[in-house]
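S.K.: predicted model follows, preceded by the sequence.
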Amino acid sequence: LVIPAGTKIQAESGGTGVYIAILKGGKIDIQGTADNPVVISSTAALGGDWGGLTICGDATTSAGVDAEAEVGGFIYGGTNDADSSGSITYLVIKGTGAQINADSQYNGVSLYAVGSGTTIENVSVINGSDDGIEFFGGTVSVSNIYLENNEDDAVDWTEGWNGTVTNAYISNTSAGFSTVFEGDKENGNPKFNNITAVSTVGGTALQ
């Protein structure tokens with residue numbers, strides 16, 4: 001999936017039926033610039049308007065090989081930690097987090113077993129009803145991310161993800177904010193470099 005710099009995609013406020021998914025074996029190519037980022041947003045940019053961006057890779061995860069994602073039932077996970085799902089730079093996403101069921105919502109960006117050959121940098125996730133970015137296993141690293149008013153966790157990881165987040169600014173000014181960082185299940189010892197998190201509405205730093 002190639003999305004040129006400066007592209008504006010208007011997502012319908014269709015809840016869980018509206019999302020972008022890169023399936024296992026596929027790749028995404030977004031080469032935006034600071035002046036011409038790619039922007040994907042619902043009209044009102046309100047949390048829960050649409051699903052979000054999901055990428056499924058072939059790297060390792062404690063969920064096993066060909067596991068089934070909680071969102072969309074997509075298949076992910078393998079044995080290639082150097083797997084590439086493509087390259088993303090200068091992307092803005094707004095209004096994500098549609099409710100799937102009583103326990104699950106889409107994240108702004110969901111990374112399922114995405115490998116270290118994938119580039120993700122200069123990405124903003126704004127006004128999401130669930131997490132800003134969540135890692136489900138995998139080895140991918142991200143840099144230069146801006147996460148604003150995502151209602152659950154800004155950065156969430158599980159299933160043994162062991163990549164790195166470098167340069168993140170996290171801001172919350174809307175009530176209901178939960179956590180800056182949340183990690184659970186197997187520990188893959190991820191790394192975090194140069195993180196700033198500011199909340200005017202409470203919330204938890206690390207869980």
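M.R.: Good, I have the coordinates. Predicted model, so just to flag it, every value in this text is computed and none were measured.
S.K.: helix/strand/coil for the spatially closest residue to Ile88 that is not a sequence neighbour?
M.R.: Nearest residue to Ile88 in three dimensions, chain neighbours excluded: Ile30, at 4.5 Å (C-beta to C-beta, 6 or more residues apart in numbering). Glycine gets a C-beta too; all of them are placed from N, C-alpha and C. Counting by DSSP: H, G, I helix; E, B strand; the rest coil, the backbone at Ile30 sits in strand.
S.K.: pretty sure Ile30 is touching Tyr90, no?
M.R.: Yes - the pair Ile30 and Tyr90 qualifies as a contact (C-beta atoms under 8 Å) at a distance of 7.4 Å.
S.K.: overlap in contacts of those two?
M.R.: The contact sets of Ile30 and Tyr90 overlap at Val38 (C-beta atoms under 8 Å, 6 or more residues apart in numbering).
S.K.: neighbour count: the two, which is higher?
M.R.: Ile30 (24 against 21; other C-beta atoms under 10 Å).
S.K.: can you pull up the bridge partners for that one?
M.R.: When bridges are assigned using DSSP bridges, the partners listed for Ile30 are Ile3, Ile88.
S.K.: contacts only, for it.
M.R.: When the contact criterion is C-beta under 8 Å, 6+ apart, the partners of Ile30 are Ile3, Val38, Gly86, Ser87, Ile88, Thr89, Tyr90, Leu91.
S.K.: got a list of what the second one touches?
M.R.: Each residue near Val38 by C-beta under 8 Å, 6+ apart is listed here: Ile3, Pro4, Ala5, Gly6, Thr7, Lys8, Ile9, Ile30, Gly32, Tyr90, Leu91, Val92.
S.K.: of these, closest to Gly73?
M.R.: Proximity of the contacts of Val38 to Gly73, judged by C-beta to C-beta, is greatest for Ile9, which lies at 23.3 Å.
S.K.: does that closest one really touch Pro37, like I thought?
M.R.: No - using C-beta under 8 Å as the test, Ile9 is too far from Pro37 to be in contact (11.6 Å).
S.K.: from the chain's centroid, how far away is stretch 39-53?
M.R.: With C-alpha atoms, centre = their mean, to the nearest Å as the basis, stretch 39-53 stands 13 Å off its chain's centre.
S.K.: excluding chain neighbours, what is closest to Val109?
M.R.: Looking at Val109 with C-beta to C-beta, 6+ apart, the closest residue is Ile133, at 4.5 Å.
S.K.: residues in contact with the one you found?
M.R.: The neighbours of Ile133, taking C-beta under 8 Å, 6+ apart as the test, are 107-111, 123, 125, 142, 145, 147, 154-156.
S.K.: run the last query once more with 7 Å
M.R.: Applying C-beta atoms under 7 Å, 6 or more residues apart in numbering to Ile133 gives the contacts Asn107, Gly108, Val109, Val125, Val142, Ile145, Leu147, Val155.
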